[in-house]
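A.B. asks: Okay, sequence plus prediction incoming.
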Amino acid sequence: MGNIDKFDLIADKYDTDERREISDIITKKVASEVELAGKVLLDFGCGTGLVSLPLADRLKKLELYDASEKMSAVVSEKIKNSNLSNARVVKLDSVEKADLIILVQVLLHEKEVEPLLKELYHLLNPAGQLVIVDFDLLETNKENLLVHPGFNQEKLSDSLKKLNFERIKSENFYKGKKNFMNTDAEMFIMIADKKSF
Ligand SMILES: C[S@@+](CC[C@H](N)C(=O)[O-])C[C@H]1O[C@@H](n2cnc3c(N)ncnc32)[C@H](O)[C@@H]1O
């Protein structure tokens, strides 16, 4: 998994109407759930920045990171053509600690979930918040070696607790038509706080 090579191939045509539409729903949901003002937000696995770029105006700083160089190049171009002065594309070794990290439809591509969550824990400031948006576990026995078939939120929450996250909450907020593995799938948002000390 990771599928970075695949995202490199589709980066230039990633922004379809359908993706813009769902990203807009996610952006609004994130904005309604967490305080943005004065915060440094890291969009980890940002893709083309569809979810976080519209939030930049409300943040102190927006950092965008993606393992796909082609996706990162698309975001850099968008930032260059905008008048956003507080957004920048970063490499993993130059990521600053953030108050908020969003991980939108990234985890499903990650073979080992816990190491990534642990890495994100260390990238958060004390009392920082991790926001995960992903697919709820599909009741399917379809084998897919490329992505996880969604996530059991209770198990994911347990993984976060093991890493010392607290006040973990989650809910489904969107159901699409044949939007994941050719099946109607629900999307959840999970928010977890890093301890303040
Ligand atoms: C489905 S796209 C979602 C993009 C964006 N978050 C959005 O919602 O529009 C998944 C993105 O995660 C990136 N990605 C996957 N695994 C990653 C990892 N371990 N580190 C950084 N980026 C990763 C991919 O390159 C791809 O751009």
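C.D. replies: Yep, it's here. Predicted model only: the values in this text are computed from it and were never measured.
A.B. asks: So the top helix by length along the chain, near the ligand or not?
C.D. replies: Counting by DSSP state H, the longest helix found in the chain is helix 17-33. Yes: against the ligand, helix 17-33 shows contacts by Cβ under 6 Å from any ligand atom at Ser23. (Glycine included, C-beta is placed from N, CA and C.)
A.B. asks: swap in stretch 65-82?
C.D. replies: Yes: counting by Cβ under 6 Å from any ligand atom, the ligand is contacted by stretch 65-82 at 66-68, 71.
A.B. asks: Turn those residues into CSV, including pLDDT and distance to Asn182.
C.D. replies: Putting these into CSV (pLDDT from 0 to 100; distance: Cβ to Cβ, whole Å) gives the following:
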residue, pLDDT, distance to Asn182
Asp66, 97, 26
Ala67, 96, 26
Ser68, 97, 24
Met71, 97, 24
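A.B. asks: pLDDT score for the residue in the chain positioned nearest to the ligand?
C.D. replies: Using Cβ to the nearest ligand atom, the single residue of the chain nearest to the ligand is Gly47, 2.5 Å away. On pLDDT, Gly47 comes in at 98.
A.B. asks: same thing with Glu96?
C.D. replies: You'll see Glu96 listed with a pLDDT of 88.
A.B. asks: before we move on, back to that, ok, residues contacting the longest helix of the chain?
C.D. replies: Helix 17-33 is contacted from outside by 50-52, 54-55, 58, 102, 104, 131, 133, 173-174, 176, 179, 187, 189, 191, using Cβ atoms under 8 Å, 6 or more residues apart in numbering.
A.B. asks: Check those for burial and list the buried ones.
C.D. replies: 50-52, 55, 102, 104, 131, 133, 173-174, 176, 179, 187, 189, 191 (16 or more other Cβ atoms under 10 Å).
A.B. asks: which of those residues come close to the ligand?
C.D. replies: Answer for the buried ones among the contacts of helix 17-33 near the ligand (Cβ under 6 Å from any ligand atom): 50-51, 104.
A.B. asks: TSV for the residues you listed, including distance to Thr27 and secondary structure?
C.D. replies: Output for these, formatted as TSV (distance: Cβ to Cβ, whole Å; DSSP: H, G, I helix; E, B strand; the rest coil):
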residue	distance to Thr27	secondary structure
Leu50	8	coil
Val51	5	coil
Val104	9	strand
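A.B. asks: from those, which is closest to Lys80?
C.D. replies: Using Cβ to Cβ, Leu50 comes nearest to Lys80 of those, at 16.6 Å.
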